[in-house]
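1. kindly return the folded structure for what I paste below:
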Amino acid sequence: MSDKNATHIAVVIPCFRETKRILDVIKSIGEEVSRIIVIDDACPDNTGEHVKKQCMDKRVEVLIHDTNTGVGGATMSGYKRAIEAGAEIIVKVDGDGQMDPSLIPDLVAPLLEGVADYAKGNRFYNLDGLADMPRVRIFGNLVLSFASKISSGYWNIFDPTNGFTAIHIDAARRLPFEKIDNGFFFESDMLFRLNMMRGVVVDIPMPARYGDEESSLKIHNIIVSFAARHYVNAAKRIFYNYFIRDFGVASIELVLGKLLLLFGVVYGIYSWSESAKTGIPATAGTVILAALPIILGSQMLMAFLNFDTKNVPTKPLNHRAP
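-> Numbers count the residues shown, from 1 in each chain. Got it, this is the predicted structure:
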């Protein structure tokens, strides 16, 4: 990577109780990065002050929040500062040491080449690295990844909660900062917002790294709230993309498919209930009248889903795009 490109890369590190690891994370960030922004999100252990006193790296700038805003809020603060500083690429690295900063050149490459607006790590690409990942995390990520595909519309990516990301300035400037979730739903919400902008997102393979740190993200604590938020985002995305931004065959398939399926199920249940009460078997016509809408409705919904999986953004917002 050339020096010209290196001068435009900023790394954002949101921190909460990361005093033990933050200095090692900073030391492992290569020369391709010109600015490192550490955000102390009202850390009880004063991570920001610790970095100011112990870190001599001139690239480092520390922002300290008076109140805790969550990982999303801290990251957004870093994004805003990086934009003000003129960064072309903004990389997010967590302060817990689970991400390998030596992979930053690989992460930013698609953005510098103009083929993507947002790149994120994928710990599931190389299966050999999953041996150390707790089984509950693997299962949780499988569930969350499928839910994220539905809500974000990026059917081509995986591992949505991965916080090792890079965004091009052309996409970062368009983000609705005030609307993005401040908590652990941040990464998934970012994907939804990027789809609303029709940004191009790519996965970058990375190994899963786990030390003695304990993640504050507990699958059993967030599964219900995540499910609700994914449902809301999915409804917003589908309504906006297929009824506001555009209206075509897929839109008709979705509406008719739902109506036919609903009619078939309701009529079928009603007919079965009446037959059970009277003891009179349903006629062939009654069965067909219930079954045919279900079949047709299911086929239309499958056709819509097939269209949606292929409707992934492919033209980058990135001004470097060829």
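2. which residue packs closest to Pro160, ignoring adjacent ones?
-> Spatial nearest neighbour of Pro160, excluding adjacent residues (Cβ to Cβ, 6 or more residues apart in numbering): Ser148 at 3.6 Å. For glycine as for every other residue, the C-beta is placed from the backbone atoms N, C-alpha and C.
3. oh, that last question was meant for Asp41, not what I typed.
-> Looking at Asp41 with Cβ to Cβ, 6+ apart, the closest residue is Ala74, at 4.1 Å.
4. and the one you found, which of the three is it?
-> For Ala74, the assignment made with DSSP: H, G, I helix; E, B strand; the rest coil gives helix.
5. Ala87 now?
-> coil.
6. name the nearest residue to it, sequence neighbours excluded.
-> Nearest residue to Ala87, sequence neighbours excluded (Cβ to Cβ, 6+ apart): Ala10, at 3.7 Å.
7. just to check, that neighbour is in contact with Ala82?
-> Yes - Ala10 lies in contact with Ala82 (Cβ atoms under 8 Å); the separation is 4.1 Å.
8. what about the residue nearest to Pro160, distance to Ala227?
-> To Ala227, Ser148 is 11 Å away according to Cβ to Cβ, to the nearest Å.
9. show me which of the two is the more surrounded one.
-> Ser148 (27 against 14; other Cβ atoms under 10 Å).
10. and the helix or strand encompassing the more buried one, what other elements does it pack with?
-> Following DSSP states H and E, one finds Ser148 within helix 135-152. For helix 135-152, the elements it packs on are helix 186-196, helix 219-239, judged by 3 or more Cβ pairs under 8 Å, 6 or more residues apart in numbering; DSSP states H and E.
11. which residues touch Gly257?
-> Neighbouring residues of Gly257 by Cβ atoms under 8 Å, 6 or more residues apart in numbering: Leu296, Gly297, Ser298, Gln299, Met300, Leu301, Ala303, Phe304.
12. ok, 10 Å please
-> Each residue near Gly257 by Cβ atoms under 10 Å, 6 or more residues apart in numbering is listed here: Pro293, Leu296, Gly297, Ser298, Gln299, Met300, Leu301, Met302, Ala303, Phe304, Leu305.
13. for the buried ones among those residues, write the corresponding PyMOL selection.
-> Buried residues within those, by 16 or more other Cβ atoms under 10 Å, are selected in PyMOL with:
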select buried, resi 293+296+297+300+301+304+305
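14. okay, and the common contacts of Ala10 and Ala82?
-> Here Ala10 and Ala82 share the contacting residues Arg35, Ile37, Glu61, Glu88, Ile89, Ile90, Val91, Ile169, scored by Cβ under 10 Å, 6+ apart.
15. and the longest helix for this structure?
-> Secondary structure assigned by DSSP state H gives helix 249-278 as the longest helix of the chain.
16. that helix: what's the following helix or strand?
-> The element immediately downstream of helix 249-278 (helix or strand, assigned by DSSP H and E) is helix 284-310.
17. pLDDT on that next one, on average?
-> Helix 284-310 shows a mean pLDDT of 95.
18. same check on stretch 159-170?
-> Here the average pLDDT along stretch 159-170 is 93.
19. try stretch 8-24
-> Regarding stretch 8-24, the rounded mean pLDDT is 94.
20. okay, buried residues for that stretch please.
-> Residues of stretch 8-24 classed as buried under the neighbour-count rule (16+ other Cβ under 10 Å) are 8-19, 21-23.
21. which one of the contacts of Gly257 is nearest Asn156?
-> Closest to Asn156 out of those is Leu305 (14.5 Å), distances taken as Cβ to Cβ.
22. tell me the spacing between the closest one and Leu292.
-> Between Leu305 and Leu292 the distance is 20 Å, computed by Cβ to Cβ.
23. was I right to think Ile269 contacts Ala282?
-> No - using Cβ atoms under 10 Å, Ile269 is not in contact with Ala282, being 11.7 Å away.
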